[in-house]
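>>> need a structure here:
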Amino acid sequence: MGMGSDAAAVLFPFSTTTTTTSPRLCGTAVSSHRRIFSDVAEDVTVSVDGQSFLLHKFPLVSRCGRVRKMVVDSKDPDLLKLELVNVPGGAFAFELAAKFCYGSNFEITTGNVAHLRCVAEYLEMTEDYQEENLIFRTETYLNEIVLKNLDKSLEVLCKCDGLDPVVEEVGLVDRCVDAIAVNASKEQLVSGLAHLECDVGSAKLRMHCQDWWVEDLSALRIDHYRRVIAAMRRNGVRPESIGTSITHYAQTSLKGVERRHVWDSGPFVGDSQRMIVETLIDLLATENITTVTLSFLFGMLRMAIEVDASLDCRIEVEKRIGLQLEMASLDDLLIPSTQTSDSMFDVDTVHRILVNFLQRIDEDSSGELSPCGYDSDGLKSPSHSSVLKVGRLMDGYLAEVAPDPYLKLQKFMALIELLPDYARIVDDGLYRAIDIYLKAHPSLTESECKKLCKLIDCQKLSQDASSHAAQNDRLPIQMVVRVLYFEQLRLKSSFSGGGSGCVSGLGLGADGSLSQRFVCSSSGVPSSCVSPQRDNYASLRRENRELKLEISRMRVRLTELEREQGLMKQQGRMRGGDGGGRHGGEQGRAFLASLSRGFGRITMFGVGGGPAAADRRRKKSGGRSSQCSDGKARRRHKASFAYD
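From the prediction side, this is the model:
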């Protein structure tokens, strides 16, 4: 046995007096026949996959057990034709085997060894018929050259396509898979030790490992690839390398899948691509690969939706995304819907991902967060920080999907209700999303609007959001009243603080907040320096009582207006007109305007101490407070456009 020009090739010299030539056609009349030798009359025709070979019985019978049995079983000494069916490798492999029977010189390479091994098994070319038969020669080549080299094992495994089931029976696939895994593990270890460098400046170790086989594995069939990955995990190949390989395989094999639009229908991908997606996702689960990136998981989820993968595969990816949802971006969540009658975005998938995230939080934060979520330890925990990030992310997502006219109210509300109260420190983002939804869905009934707006916690709205909500015509009247009421409570609490046995003076600090100006003595009696201001506090208390009475009267009047508006609507429906409804709506808006002016007085009262006190301060400060009021008015006017 000698080596040819190719290091992976083996020459087979055989002593023969016959001149060997390349197979050639035997005339135009018999163009489907192939002749191995042209100077000796053939005595049998072998048909393989529609091609006929003109051969001699003796070379075939001397090395091929199957051909010998066929000749014996025919009981015809003048047998002229043999037909071989399901030959692994087809006519190409049989032609090489026939050359071997005739003693012709040819090379065994990584490109043909799989075919030769399978056709030798099919033809039963064992040592029982001749020493160093084709099975022996191919096995020697596999053991000494192929299985000791990762690159050659990969090439042979790629050539096993189309050789089933014989290639499995001879165990060639299993041996190549194990060889790839073992050699990859060895190369990784050797490469890591060889390239382990020490950075003296930073005293850090750096590992430079180039896993060249990551790209080469992408040429494998998906079932072979799965077996290779499983074998690598058993042999200790790094999970990072396996994760990189899975990512590269997906990018290579699925790059031809085009995105389907919501108006498209019918099949658009084959079963092979669906099988690839399902196999890769199953690999992540069974082999416990956690090193893939979040963007890759979202890509696989989108691809699973595109190819209509099984529900189990989609749920598996959704669970993995839920484990690290706080690191997702808004673009990741904007998954287009493939259903023609549904909304533009796949809201159901995002809902399931959010459920998985909250389940993970419940498991991680057992004992850290109280049921309401405001435990002191829970506020400082990583779990609470993740919930806050997801809360901001979901507010942005709600605002993006809210303009969709096909998004149902139930799905929109389900996403809002899913997050706990402590997921939002302020409800400005939620208010913005709900306002966009109300604007995009003008056909909502009054009861639906009330139900949706109840999800907003008015106490968590900022001053700008409250100012916008107080003037928002899309909100129900009850919502506006709640906003104004809590704004009044906030202002009241900002200037009604004081210590026991003393009266605290209030003033506007440099940062715009209320602060104490006067100091109480240890006995609880104000010092002499603050006694000239007692009349101011008396007037403040009187105005506070008057405003409370005014608010009570406004509430009674609001109840009467609602009752009158209901009666007008009922009468309008009976008359077939809508004049009463418009009249009631105008009365309601006029009342809200007066109510807003009343709360405006509260704002002036909380900051400046009422009209009387304002006049006195204006005389002392030369109109400084009027400039401050003008500045606040401008800021309120600017804030009113922040949510439009």
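>>> tell me which element Lys411 falls in.
Element membership for Lys411, per DSSP states H and E: helix 409-418.
>>> per the record, what domains does the protein have?
34-146, 330-339+357-362+382-494 (the TED database).
>>> how about those domains, which one is nearest Glu155?
Closest to Glu155 of the domains of the chain is domain 34-146 (Cβ to Cβ; 4.6 Å). C-beta: built from backbone N, CA, C; applies to glycine.
>>> mind listing what Leu60 touches?
Val44, Val46, Val67, Arg68, Ala98, Cys101 (Cβ atoms under 8 Å, 6 or more residues apart in numbering).
>>> List just the nearest of the residues you listed to His384.
Ala98 (75.4 Å).
>>> can you list the weak-confidence ranges in the stretch 201-350 of the chain?
201-211, 256-270, 340-342 (pLDDT under 70).
>>> just the strands in it please.
According to DSSP state E, counting those that start in this stretch, the stretch 201-350 of the chain carries its strands in the segments 204-207.
>>> do the same with the stretch 401-550 of the chain
Using DSSP E, counting those that start in this stretch, strands in the stretch 401-550 of the chain cover 506-508, 514-516.
>>> quick revisit: Serialize the domains of the chain to JSON lines and add fields for distance to Gln324.
Shown next, in JSON lines, are the domains of the chain (distance: least, Cβ to Cβ, whole Å):
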{"stretch": "domain 34-146", "distance to Gln324": "42"}
{"stretch": "domain 330-339+357-362+382-494", "distance to Gln324": "9"}
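>>> ok, of those, where does mean pLDDT dip lowest?
When the domains of the chain are compared by mean pLDDT, domain 34-146 comes last with a mean of 88.
>>> ok, residues contacting stretch 325-333?
The contact list for stretch 325-333 (Cβ under 8 Å, 6+ apart) reads 294-295, 298, 321, 350, 353-354, 356-357, 385-386, 389-390, 393, 396-397, 400.
>>> Could you pick out the buried ones from the residues you listed?
Among the contacts of stretch 325-333, those buried by neighbour count (16 or more other Cβ atoms under 10 Å) are 294, 298, 321, 350, 353-354, 356-357, 386, 390, 393, 397, 400.
>>> Which members of the residues you listed are positioned in helices?
Among the buried ones among the contacts of stretch 325-333, the ones falling in helices (DSSP state H) are 294, 298, 321, 350, 353-354, 356-357, 386, 390, 393, 397, 400.
>>> With distance to Asn112 added, can I get the residues you listed in a markdown table?
A markdown table is the format used below for those (distance: Cβ to Cβ, whole Å):
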| residue | distance to Asn112 |
| --- | --- |
| Leu294 | 44 |
| Phe298 | 43 |
| Ile321 | 46 |
| Val350 | 52 |
| Ile353 | 50 |
| Leu354 | 55 |
| Asn356 | 50 |
| Phe357 | 54 |
| Ser386 | 57 |
| Val390 | 57 |
| Leu393 | 56 |
| Tyr397 | 56 |
| Glu400 | 57 |
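>>> Name the nearest of the residues you listed relative to Leu55.
Phe298 (59.5 Å).
>>> I'd like the distance between the residue nearest to the closest one when sequence neighbours are not counted and Leu82.
Nearest non-adjacent residue to Phe298, counting by Cβ to Cβ, 6 or more residues apart in numbering: Asp332, 4.6 Å away. The spacing between Asp332 and Leu82, counted by Cβ to Cβ, to the nearest Å, is 63 Å.
>>> Surely Ile281 and Ala304 touch.
Yes - the pair Ile281 / Ala304 is scored as a contact, 6.8 Å apart, by Cβ atoms under 8 Å.
>>> Now do the shared contacts for those two.
In contact with both Ile281 and Ala304: Cys313, Val317, using Cβ under 8 Å, 6+ apart.
>>> Arg360 contacts Arg320, doesn't it?
No - contact criterion Cβ under 8 Å: Arg360 and Arg320 do not qualify, at 10.6 Å.
>>> Quick check: buried residues in stretch 125-135?
Met125, Thr126, Tyr129, Asn133, Leu134, Ile135.
>>> which residues does the fifth one contact?
When you say that, I think you mean Leu134. Counted by Cβ under 8 Å, 6+ apart, Leu134 has contacts Arg63, Ala97, Phe100, Leu116, Val119, Ala120, Leu123, Met125.
>>> ok, the first one - contacts?
With contact taken as Cβ under 8 Å, 6+ apart, Arg63 is in contact with Phe100, Cys101, Leu123, Met125, Tyr129, Gln130, Asn133, Leu134.
>>> 7 Å - rerun?
By Cβ atoms under 7 Å, 6 or more residues apart in numbering, the residues touching Arg63 are Cys101, Met125, Tyr129, Gln130, Asn133.
>>> nearest to Ala309, of those?
Distances from Ala309 to those, taken by Cβ to Cβ, are shortest for Met125, at 44.2 Å.
>>> which SS class is that closest one?
coil (DSSP: H, G, I helix; E, B strand; the rest coil).
>>> backbone phi and psi for it, please?
phi -90, psi 70 (degrees, to the nearest 10).
>>> With adjacent residues omitted, what lies nearest to it?
Leu134 (4.2 Å).
>>> Quick check: that neighbour vs Arg63, distance?
From Leu134 to Arg63 the distance is 7 Å (Cβ to Cβ).
>>> Columns secondary structure and distance to Gly236 on top of the contacts of Leu134, output as a markdown table?
Listed next are the contacts of Leu134 as a markdown table, based on DSSP: H, G, I helix; E, B strand; the rest coil; distance: Cβ to Cβ, whole Å:
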| residue | secondary structure | distance to Gly236 |
| --- | --- | --- |
| Arg63 | helix | 43 |
| Ala97 | helix | 40 |
| Phe100 | helix | 40 |
| Leu116 | helix | 33 |
| Val119 | helix | 36 |
| Ala120 | helix | 35 |
| Leu123 | helix | 40 |
| Met125 | coil | 38 |
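>>> Out of these, grab the one that's most surrounded.
Val119 (30 neighbours; other Cβ atoms under 10 Å).
>>> Verify the stated contact: that residue with Ala97.
Yes - judged on Cβ atoms under 7 Å, Val119 makes contact with Ala97 at a distance of 4.9 Å.
>>> Apart from its chain neighbours, what residue comes closest to Phe106?
Going by Cβ to Cβ, 6+ apart, Phe106 has Lys99 as its nearest residue, at 5.5 Å.
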